[in-house]
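[1] Whatever this is, show me its structure:
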Amino acid sequence: MSGSQFADKDAFSKIEGTRYATESKLIVNFWEELDENPDKVHFGFKAVSKCLKRNNIDCFLVSDAKLRSSDVLERAKFIKMMDSVRRINGCRYYIFSSLHESGESLDSLGGVACFSKW
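    Numbers count the residues shown, from 1 in each chain. This is a model prediction of the structure:
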């Protein structure tokens with residue numbers, strides 16, 4: 001793709017609003033926050049579960065690989081976690097594609113992460 005496509009603001013806004021663009025921004029923000037303020041982000045099933053029990057999740061990130069796992073018990077625990085997150089008022093949640101770099105990055109964190117409210 002040449003740079004000329006990005007000169008057209010309408011074309012760029014369509015590309016920028018894609019799922020992968022959103023996922024990429026979120027994972028970059030996660031890594032930056034982990035570096036700058038590690039108490040505000042959590043990753044891995046146990047750490048995110050603790051935040052969930054405290055109703056302390058502002059934004060939830062999960063890999064589609066966890067929701068499609070061939071291990072029925074693993075898949076069930078992540079689906080149950082996501083269902084619980086959906087019930088948190090105001091919480092945003094995103095399912096990352098494991099076929100994209102951002103999803104691979106999330107997979108390296110255990111396939112699940114969150115930004116906490118406080």
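[2] Can you check which helix is longest in the chain?
    helix 19-36 (DSSP state H).
[3] Other residues contacting that one?
    15, 40-41, 43, 59, 61, 94, 96-97, 100-103, 105-106, 113, 115 (C-beta atoms under 8 Å, 6 or more residues apart in numbering). To be clear about C-beta, it is placed using only N, CA and C from the backbone, and glycine gets the same treatment.
[4] Give me the next element, helix or strand, following it.
    Counting by DSSP states H and E, the next helix or strand C-terminal to helix 19-36 is strand 41-43.
[5] After that next one, which helix or strand is next? Please name it.
    helix 45-53.
[6] so what secondary structure elements neighbour that next one?
    Counting contacts by 3 or more C-beta pairs under 8 Å, 6 or more residues apart in numbering; DSSP states H and E, helix 45-53 packs against strand 41-43, helix 72-86, strand 112-115.
[7] which of the residues in it are buried?
    47-49, 51-52 (16 or more other C-beta atoms under 10 Å).
[8] List the residues that contact Cys114.
    Applying C-beta under 8 Å, 6+ apart, the residues near Cys114 are 41-43, 48, 51, 57-61.
[9] what's the spacing between Lys117 and Ile88?
    9 Å (C-beta to C-beta, to the nearest Å).
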